[in-house]
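S.K.: Quick one: sequence and predicted model below, then my questions.
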Amino acid sequence: MPTTRAKFDYIIIGGGSAGCVLANRLSADSNNRVCLLETGPHDNTPLVSTPIGVIGLMDSKKYNWMFNSEPEPTQNDRIIYCPRGKVLGGSSAVNAMLYTRGTPSDYNHWASLGNKGWAYEDILPYFKSTQHQERGADDYHGSDGELNVAEGRSNHPLGETLLEACRQAGYSDNVDFNGAQQEGIGYYQVTQINGERCSAARAFLHPISERDNLTIITEAKVARILIEDKQAQGVEYLHQGELQILNAAKEVILSAGSFGSPQLLMLSGIGPKEELKQHQISVNHNLPGVGGNLQEHIDIITVNESKKANTVALRPVGMAKMVKDIWQYISQRKGFLTTSIVEAGGFIKSKPELNDPDMQLQFIPLVMEDHGRKKSTLLTYGYSLHNCLLRPKSRGRVSLHNNDFQQDPKIELNMLSHPDDLTAMVEAVKINLNIFSQQAFDDGRGKSIFPSKAKLTDEEIEGFVREKANHVYHPVGTCKMGEDKDAVVNDRLQVHGIKGLRVVDASIMPTLVGGNTNSPTIMIAAKAAEMILADNVI
Ligand SMILES: Cc1cc2nc3c(=O)[nH]c(=O)nc-3n(C[C@H](O)[C@H](O)[C@H](O)COP(=O)(O)OP(=O)(O)OC[C@H]3O[C@@H](n4cnc5c(N)ncnc54)[C@H](O)[C@@H]3O)c2cc1C
């Protein structure tokens with residue numbers, strides 16, 4: 001029998017990008033008793049705070065859920081790795097720290113689907129109010145917010161080679177991907193502060209963790225949301241080996257991410273009724289869209305060998321440099337240990353007639369394979385270029401393996417299932433190979449590693465894409481906002497058909513934005529907090 005513990009006004013499930021912002025904003029009024037439950041541990045480790053730690057976090061059982069997809073039929077039955085943060089800060093504690101937002105048309109599209117208050121002019125204030133832009137405030141940026149946005153402090157010399165090659169291929173420079181226009185190439189700004197990672201926990205939680213009205217419970221896994229008469233009453237969670245219950249006087253807010261949130265809804269009897277019955281879960285509310293509409297940025301990496309010892313590698317020259325890098329980090333918080341791995345890149349159009357860029361380039365000055373988990377590739381000098389499709393048409397889904405809350409969710413990414421996505425990815429490979437063929441890389445260009453040769457037929461490229469395409473860790477859409485039959489939340493992020501329950505995280509995005517998803521999720525949470533407080537004024 002679970003023990004019933006204290007009652008809170010708001011219970012937030014998941015201390016990730018969204019959960020940390022909510023905890024901050026909802027507890028700002030000392031009259032609100034707020035509880036944040038997070039499965040992972042506290043984030044007080046140099047692995048999280050030191051940017052280069054991103055490599056170690058990629059396969060850390062302690063800080064990463066390390067999900068895997070089902071075998072993917074559209075990708076030669078490959079099982080695709082889906083890392084997510086399991087620690088205070090969530091995925092913002094393990095991500096690559098790039099600060100981008102997408103384009104105005106992404107949000108205007110959300111509004112055009114009937115979501116009131118989500119057009120670009122409505123949401124821009126939340127991007128600004130959550131941001132501390134080190135360059136200073138302007139029409140697009142804020143300087144009074146918590147999330148520190150900084151220039152990279154590493155700047156690997158090969159980043160400049162990539163940018164020069166892009167210029168030679170016809171792309172123009174852009175110093176601000178989040179400003180007046182997104183298109184162009186340059187260096188990414190990063191969510192770092194003084195050369196350390198600025199996760200959502202570092203930005204929004206650490207400074208306020210002493211508030212008396214905020215309780216943060218780590219290593220607490222929520223098993224289900226308690227629903228009575230279509231009203232969320234509280235949560236049941238596992239902590240220190242014991243099942244416990246917390247009651248919510250006002251609302252339960254689900255921020256467990258695009259895989260965790262639909263899984264928890266279904267475990268709580270909210271979801272497609274056939275799916276629930278199949279797993280002997282009693283139906284609290286039949287909501288067919290839960291777990292559907294999964295979208296990811298489909299990505300391909302082309303990799304080239306370098307004949308020169310000018311890239312990051314586990315070789316004698318590289319190792320000697322690493323000692324220098326460690327000292328530079330300790331003494332100045334500068335140098336390669338501050339790298340987000342991706343430093344240079346940008347947003348490009350695959351066809352000039354497009355209104356917005358449809359592809360994102362991310363350059364890595366090392367040989368990248370299997371999400372950086374294959375360390376033997378680091379024995380070779382080389383460089384890698386990600387190219388991801390910003391608005392894919394393929395849709396996947398999240399469902400359940402069974403009714404055990406300790407099981408991972410069942411993930412079917414289904415990338416490349418839409419033929420247009422495959423065509424676009426073939427084009428992406430050609431774009432990358434064209435960039436690598438430019439004069440800027442002449443000095444030191446070795447052989448092509450992925451694909452295995454630089455000149456291929458379209459059919460061969462298609463085969464390469466099916467064999468190698470992956471994603472860039474941006475799952476969204478599985479609890480989508482809207483009013484259609486597949487929508488899970490309304491435009492105030494309240495779960496359709498259930499009172500006192502909202503979903504606030506990346507899963508509510510109806511469609512992917514054309515950029516990385518951390519700051520859009522933070523924006524969503526800041527806007528949601530305002531709506532929650534407004535809706536609970538007595
Ligand atoms: C490797 C990687 C690299 C990325 N790189 C970038 C980048 O460079 N820039 C960028 O903008 N975005 C990047 N992203 C994406 C971005 O970080 C995410 O989109 C964003 O963090 C999602 O926020 P969220 O709040 O939806 O989920 P999360 O931040 O994942 O938070 C969900 C939280 O809920 C917790 N949780 C889940 N289930 C339960 C449960 N049952 N009980 C209690 N707690 C639970 C989780 O442990 C987690 O802490 C990256 C992501 C990854 C994984």
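M.R.: Yep, that arrived.

S.K.: Am I right that residue 74 is in contact with residue 421?
M.R.: No: when contacts are counted by C-beta atoms under 8 Å, residue 74 is not listed as touching residue 421 (9.1 Å). C-beta: built from backbone N, CA, C; applies to glycine.

S.K.: can you list residues touching both of these two?
M.R.: Counting by C-beta atoms under 8 Å, 6 or more residues apart in numbering, the common neighbours of residue 74 and residue 421 are 394, 415.

S.K.: Would you map the helices across the stretch 401-538 of the chain?
M.R.: 419-436, 458-468, 518-535 (DSSP state H, counting those that start in this stretch).

S.K.: deepest of those helices, which one?
M.R.: Greatest average neighbour count among the helices of the stretch 401-538 of the chain goes to helix 518-535 (a mean of 23), per mean count of other C-beta atoms under 10 Å.

S.K.: For residue 46, the count of nearby residues, please.
M.R.: Close neighbours of residue 46, defined as other C-beta atoms under 10 Å, add up to 12.

S.K.: Return the residues in contact with residue 173.
M.R.: 163, 167, 184, 185, 186.

S.K.: isn't the first one right up against residue 344?
M.R.: Okay, so that is residue 163. Yes: in terms of C-beta under 8 Å, residue 163 counts as a neighbour of residue 344; the distance is 5.5 Å.

S.K.: Residue in the stretch 51-200 of the chain with the shortest distance to the ligand?
M.R.: In the stretch 51-200 of the chain, no residue comes nearer to the ligand than residue 90, which is 2.5 Å away by C-beta to the nearest ligand atom.

S.K.: Which residue is the nearest non-sequential neighbour of that residue?
M.R.: residue 16 (2.0 Å; C-beta to C-beta, 6 or more residues apart in numbering).

S.K.: again with residue 178
M.R.: Distance criterion C-beta to C-beta, 6+ apart; nearest residue to residue 178, sequence neighbours excluded, is residue 101 at 4.9 Å.

S.K.: pLDDT at that neighbour, what is it?
M.R.: Predicted confidence (pLDDT) for residue 101: 98.

S.K.: hang on, isn't it packed against residue 513?
M.R.: Yes: counting by C-beta under 8 Å, residue 101 does reach residue 513; the two are 7.1 Å apart.

S.K.: And the helices in the chain?
M.R.: Here the chain has its helices, by DSSP state H, at 17-26, 46-49, 54-57, 104-112, 120-129, 157-168, 200, 257-267, 273-278, 316-332, 419-436, 458-468, 518-535.

S.K.: Turn those into a markdown table, including distance to the ligand and mean pLDDT.
M.R.: Formatted as a markdown table, these follow (distance: least, C-beta to the nearest ligand atom, whole Å; pLDDT from 0 to 100):
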| stretch | distance to the ligand | mean pLDDT |
| --- | --- | --- |
| helix 17-26 | 3 | 98 |
| helix 46-49 | 12 | 98 |
| helix 54-57 | 7 | 94 |
| helix 104-112 | 14 | 98 |
| helix 120-129 | 12 | 98 |
| helix 157-168 | 15 | 97 |
| helix 200 | 7 | 98 |
| helix 257-267 | 3 | 98 |
| helix 273-278 | 17 | 98 |
| helix 316-332 | 20 | 83 |
| helix 419-436 | 19 | 98 |
| helix 458-468 | 18 | 97 |
| helix 518-535 | 3 | 98 |
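
S.K.: Count the neighbours of residue 59 for me.
M.R.: When neighbours are defined as other C-beta under 10 Å, residue 59 has 16 of them.

S.K.: Report the spatially nearest residue to it, omitting neighbours in sequence.
M.R.: Leaving aside its chain neighbours, residue 59 sits nearest to residue 373 (5.2 Å; criterion: C-beta to C-beta, 6+ apart).

S.K.: can you pull the contacts of the one you found?
M.R.: With contact taken as C-beta under 8 Å, 6+ apart, residue 373 is in contact with 58, 59, 81.

S.K.: what's the burial count for the residue nearest to the last one when sequence neighbours are not counted?
M.R.: The reference is to residue 81. Among residues not flanking residue 81 along the chain, residue 371 sits closest, at 5.6 Å (C-beta to C-beta, 6+ apart). Neighbour count of residue 371, defined by other C-beta under 10 Å: 17.
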